[in-house]
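>>> no sequence for this one, just the structure:
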DNA sequence: ACTAATTTTTAGACTCACCTAAAAATTGAA
DNA sequence: TTCAATTTTTAGGTGAGTCTAAAAATTAGT
């Protein structure tokens, strides 16, 4: 069994490993968890004794296969709770994270399997991220950043990269949500901003916004 | 804000205060929490600094009005989660306690008010215990131990005193549940056992069982 | 009322997760 | 390649919450 603190480290290392391959630096982990590199060194030694990570001094850490399974189970809980909060308790997608951070640490296999069934075995969380299955397998759907599309291309909004409250509130205000069809009308060469058509409305979004929206072409 | 440990002490002191009035001894708290009296003394000093309890050396502790409010809010969360587990996630009433012990510490006012609404503002938990309202008021329903009734009296089963898994499983096996109408057919003078009629069936229960079942006369 | 038994508190120590400050290793720039 | 900047680790310390053992206070038996 892992403490809440250990679980937070495991989850963080997992997330950092997605964009970066090779050892994750103690500094990167420290920054993500708002703690100090020295604290990370301590924890990482403990996790390596528990066979969750491989750690060589000054080389950063990588998750073992076991560690990846543990991470997947924490993320599974986190995302299932997010679905619950949005679908059943009227939370908006920018309010769920903080509470899910707490709920993900509840220990009860029955709770999670029943919650999964109660929610109808959802495959994605409210931000479009995949929910790992009970065995820890993650089925990532085919998706592309909106900013990589060209004029005339169409697709469906299936996720966001940045999940900050400010960004999600902005999307709500613009009327952009998961499942919406989006068509690229124009790309401004000067600043890379995009003119898109969504929900029968035409609007302009900055390149930064476009670089945080995932589109599935289908 | 209180730590999980502090919350567990506050809840325990509250529960112990129901059956004994006057100061609750450190020993009683220690036994309930499976810890040592010396640890209790430490915590109780801290809680008294936070104005949650009144503590005089060697005199035991009592909750302040503020402490009672805090206790009620923890118990409210615990019981709402119990209802959720039984009504929505197919837990049986003997499985809920352990998980609710974890869930009761989740911090989010919105979570609890939305959960309350989602469950249809329940007034009792699965064991028949009252759910405190958002202001900390507890509306205890009128009830009596079955063992205090006499031959011919009738009532409805509204709660249990002992909530141990063994007892609850026993009740399930006998077909006794909340809401069932119960009639006293006979009382055995020799051992004080009761012959009762419930769900059109007649069965005999020991005095010990009868002393753990609450009946509402209506 | 006076011991004896029990309860409660104090004192000191432990683990966990964190910190700061300094030392050591790595990296990068001229 | 060398040395300065950066990163990482070590060393030592803190607070929360727990423990054991011993001291102090209370309660109970005669």
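Structure received. Values in this document were obtained by computation on a predicted structure and should not be read as measured data.

>>> Enumerate every residue touching the nearest residue to residue A:12 once chain neighbours are set aside.
Nearest residue to residue A:12, sequence neighbours excluded (C-beta to C-beta, 6 or more residues apart in numbering or on different chains): residue A:32, at 5.0 Å. Glycine gets a C-beta too; all of them are placed from N, C-alpha and C. Listed by C-beta atoms under 8 Å, 6 or more residues apart in numbering or on different chains, the contact set of residue A:32 reads A:12, A:15, A:16.

>>> which SS class is the last one?
Okay, so that is residue A:16. Three-state assignment for residue A:16 (DSSP: H, G, I helix; E, B strand; the rest coil): helix.

>>> How about it, nearest residue that isn't a chain neighbour?
residue A:24 (4.7 Å).

>>> and if you look at the second one?
Leaving aside its sequence neighbours, residue A:15 sits nearest to residue A:32 (C-beta to C-beta, 6+ apart; 7.6 Å).

>>> Now the most far-flung residue of chain A relative to its centre. Its backbone dihedrals?
Residue farthest from the centre of chain A, counting by C-alpha atoms, centre = their mean, is residue A:190 at 31.1 Å. Note on residue A:190: backbone dihedrals following degrees, to the nearest 10 are phi -60, psi -50.

>>> So it versus residue B:87, what's the distance?
To residue B:87, residue A:190 is 58 Å away according to C-beta to C-beta, to the nearest Å.

>>> Residue A:134 against residue A:76, yeah?
Yes - counting by C-beta atoms under 8 Å, residue A:76 is a contact partner of residue A:134 at 7.4 Å.

>>> More neighbours: which of the two?
The neighbour comparison of residue A:134 against residue A:76 (other C-beta atoms under 10 Å in any protein chain shown) goes to residue A:76, with 23 against 12.

>>> what about the more buried one, helix or strand, and which?
helix A:65-89 (DSSP states H and E).

>>> That helix vs helix B:65-89, what angle?
If you take axes from the mean of the first three to the mean of the last three C-alpha atoms, to 10 degrees, helix A:65-89 sits at 100 degrees to helix B:65-89.

>>> anything in the helix or strand just after helix A:65-89 near chain B?
Downstream of helix A:65-89, the next assigned helix or strand under DSSP H and E is helix A:96-103. Yes - against chain B, helix A:96-103 shows contacts by C-beta under 8 Å from any C-beta of the partner chain at A:98, A:99, A:102, A:103.

>>> tell me which of these is nearest to residue A:162?
residue A:98 (16.0 Å; C-beta to C-beta).

>>> domains for chain A, by residue range?
Dividing chain A into domains by automatic domain parsing, as the record does, gives the ranges A:4-63, A:144-216.

>>> where among those domains is the average confidence lowest?
For these, mean pLDDT drops lowest on domain A:144-216, to a mean of 92.

>>> where's that one relative to the chain centroid, distance-wise?
Taking C-alpha atoms, centre = their mean, to the nearest Å, the mean C-alpha location of domain A:144-216 is offset from the chain mean by 18 Å.

>>> Please apply the same query to stretch A:36-56.
23 Å.

>>> Tell me the buried residues in that stretch?
For stretch A:36-56, a neighbour-count test (16 or more other C-beta atoms under 10 Å in any protein chain shown) marks A:40, A:43, A:44, A:47, A:48, A:52, A:53, A:55 as buried.

>>> ditto for stretch A:58-71
A:60, A:61, A:62, A:63, A:64, A:67, A:68, A:69, A:70, A:71.

>>> Give the full set of residues in contact with the fifth one.
When you say that, I think you mean residue A:64. Here residue A:64 is in contact with A:51, A:52, A:53, A:54 (C-beta under 8 Å, 6+ apart).

>>> what residues are up against the residue positioned nearest the centre of chain A?
Among the residues of chain A, residue A:129 comes closest to the average C-alpha position under C-alpha atoms, centre = their mean, at 5.5 Å. Applying C-beta under 8 Å, 6+ apart to residue A:129 gives the contacts A:79, A:159.

>>> which residues of chain A fall in strands?
Using DSSP state E, the strands of chain A run over A:53-55, A:61-63, A:144-145, A:154-160, A:181-187, A:194-198, A:201-205, A:213-216.

>>> Is there proximity between the second one and DNA strand C?
Yep, that's strand A:61-63 we're talking about. No - contact of strand A:61-63 with DNA strand C (C-beta under 7 Å from any atom of the strand) is absent, the minimum separation being 14.3 Å.

>>> From the contact counts, what lies against that strand?
helix A:4-19, helix A:37-49, strand A:53-55 (3 or more C-beta pairs under 8 Å, 6 or more residues apart in numbering or on different chains; DSSP states H and E).

>>> Adding distance to residue B:36, write those out as a markdown table.
Below are the helices and strands packed on strand A:61-63 laid out as a markdown table (distance: least, C-beta to C-beta, whole Å):
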| stretch | distance to residue B:36 |
| --- | --- |
| helix A:4-19 | 24 |
| helix A:37-49 | 27 |
| strand A:53-55 | 35 |
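
>>> how about the helix holding residue A:76, does it get close to DNA strand C?
No - shown here: helix A:65-89 not in contact with DNA strand C (C-beta under 7 Å from any atom of the strand), separated by at least 14.1 Å.

>>> interface residues of chain A facing DNA strand C?
Checking chain A against DNA strand C by C-beta under 7 Å from any atom of the strand, the hits are A:3, A:5-6, A:33-36, A:38-39, A:42-43, A:46, A:58.

>>> What residues of stretch A:203-218 count as buried?
A:205, A:209, A:210, A:211, A:212, A:213, A:214, A:215.
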